[in-house]
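>>> From the sequence below, what's the structure:
(one chain, ligands or ions: 4)
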Amino acid sequence: MTETSSLTVLVSEIFGPTIQGEGVLIGLPTVFVRTGGCDYRCSWCDSLHAVESRFRHDWKPMSTGDIWSEVTRLSGGEPLTVSLSGGNPAIQPLGDLIDLGHSEGYRFALETQGSLARPWFARLDTLVLSPKPPSSGMACDRTILTDCVEAAGDGPQTVLKFVVFDVEDFAFAREVSAHFPALPVYLQPGNHTPPPADGEGNVDLDGLTERMRWLVDAVAGERWFAAHVLPQLHVMLWGNRRGV
Ligand SMILES: C[S@@+](CC[C@H](N)C(=O)[O-])C[C@H]1O[C@@H](n2cnc3c(N)ncnc32)[C@H](O)[C@@H]1O
Ligand SMILES: Nc1nc2[nH]cc(C(=O)O)c2c(=O)[nH]1
Ligand code: SF4
Ligand SMILES: [Mg+2]
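Ligands and ions are numbered 1, 2, ... in the order given. Alright, predicted model coming up:
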């Protein structure tokens, strides 16, 4: 085992194996490590239990070794892809976890909004940058987004993933993507019925399907043939449940 530091990571939940429901790794079995705390407050965030400070008492400071024990327990010791999400996982010191997992044959994907660049991004296998569109109410700092892409360098496969609710979001996705012509682009329809942070919440499947069709038409209409359009598969299968 690789020696690990005494830094702790604030963890909201560890769950799986399930399938990665979004973007470039869709369908791939994965264990999720969801960290607690975020520097953003997106209006439609579907993971508020890992964002809002009223839930911080549910978050646990864990050592790299403790996180790793849980990941290996859940995966039965069989290497798979670990998805690091949050909250914003870039806030946490995750470099040691990545190194430890790699030493045992695991792979790592990280989902972040691109608001904090970390040198350890270069040690990931997949970096999913999900800049926030106008409907989120957040402002995307293009300079820091570029820093994230540069921090990752040639290490991981870096991709862009945009949530799209409306025409303004679509235009934002188009414009930001144009700045990074080398990065694959994934578009997913926004979920209008994210769960209340402390409850279950049913999903508006008809609304999602309608927005998904609209998104396909928008991509086809603009001849944006490099874009991938995907639903949140886990939301279609299980609704807005936690831990899936
Ligand atoms: C919960 S976030 C956590 C990681 C990071 N904070 C981020 O936003 O990328 C994981 C992914 O879920 C997406 N997401 C959050 N709320 C959503 C919603 N209501 N509909 C569709 N996607 C959503 C985010 O845009 C991001 O791509
Ligand atoms: N199955 C599944 N796929 C996901 N892809 C991104 C997720 C996230 O919340 O970061 C997520 C999630 O929570 N569950
Ligand atoms: S950046 Fe991600 S986790 Fe943070 S509020 Fe937005 S969607 Fe939620
Ligand atoms: Mg989610």
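>>> The most centrally placed residue in the chain and residue 25: what is the separation?
In the chain, the residue lying closest to the centroid (CA atoms, centre = their mean) is residue 111, at 2.9 Å. Residue 111 sits at a distance of 10 Å from residue 25 (criterion: CB to CB, to the nearest Å). Backbone N, C-alpha and C define where each C-beta goes, glycine included.
>>> Check the contact lists of those two and give me the overlap.
In terms of CB atoms under 8 Å, 6 or more residues apart in numbering, residue 111 and residue 25 are both contacted by the residues residue 83.
>>> I'd like to check which residues are in contact with the residue nearest to the centre of the chain.
With contacts defined as CB under 8 Å, 6+ apart, residue 111 is in contact with 83, 84, 85, 86, 89, 128, 130, 161.
>>> how near is it to ligand 3?
Residue 111 sits 8 Å away from ligand 3, going by CB to the nearest ligand atom, to the nearest Å.
>>> Provide the secondary structure category for that residue.
The three-state label for residue 111, taken from DSSP: H, G, I helix; E, B strand; the rest coil, comes out as strand.
>>> Check the burial of residue 159 by counting its neighbours.
The local packing count at residue 159 equals 20, with neighbours defined by other CB atoms under 10 Å.
>>> Quick one: mean pLDDT over the host helix or strand of it.
In this assignment (DSSP states H and E), residue 159 forms part of strand 157-164. Summarised as a single mean, pLDDT over strand 157-164 is 98.
>>> The contacts of residue 111 in strands, which ones?
With strands identified by DSSP state E, the entries of those that belong to them are 83, 84, 85, 128, 161.
>>> Roughly how far does the closest residue to the second one other than its chain neighbours sit from ligand 1?
So the one you mean is residue 84. The shortest distance from residue 84 to any residue other than its chain neighbours is 4.4 Å, reached at residue 110 (CB to CB, 6 or more residues apart in numbering). As defined by CB to the nearest ligand atom, residue 110 lies at a distance of 8 Å from ligand 1.
>>> ok, now residue 22?
Counting by CB to the nearest ligand atom, the gap between residue 22 and ligand 1 amounts to 6 Å.
>>> Looking at this protein, which strand is longest?
Max-length strand for the chain by DSSP E is strand 8-19.
>>> downstream neighbour of the strand holding residue 159 in the secondary structure list?
In the C-terminal direction, the helix or strand that comes right after strand 157-164 (DSSP H and E) is helix 167-179.
>>> Quick check: next helix or strand after that following helix?
Using DSSP H and E, the next helix or strand after helix 167-179 towards the C-terminus is strand 185-189.
>>> And that next one, how far out from the chain middle?
Between the centre of strand 185-189 and the centre of its chain there are 12 Å (CA atoms, centre = their mean, to the nearest Å).
>>> Mind listing what's buried along the helix or strand just after that strand?
Past strand 185-189, further along toward the C-terminus, the next helix or strand under DSSP H and E is helix 205-221. By neighbour count, and taking 16 or more other CB atoms under 10 Å as the criterion, the buried residues in helix 205-221 are 208, 211, 212, 215, 218, 219.
>>> Please apply the same query to stretch 186-194.
Taking 16+ other CB under 10 Å as the criterion, stretch 186-194 shows 186, 187, 188, 189, 190, 191, 193, 194 as buried.
>>> and that stretch with ligand 3, contact?
No. Stretch 186-194 is not in contact with ligand 3 by CB under 6 Å from any ligand atom; minimum separation 9.0 Å.
>>> Whether that stretch contacts ligand 2 - can you check?
No. Where contact is defined by CB under 6 Å from any ligand atom, no part of stretch 186-194 touches ligand 2; the two come within 9.5 Å at best.
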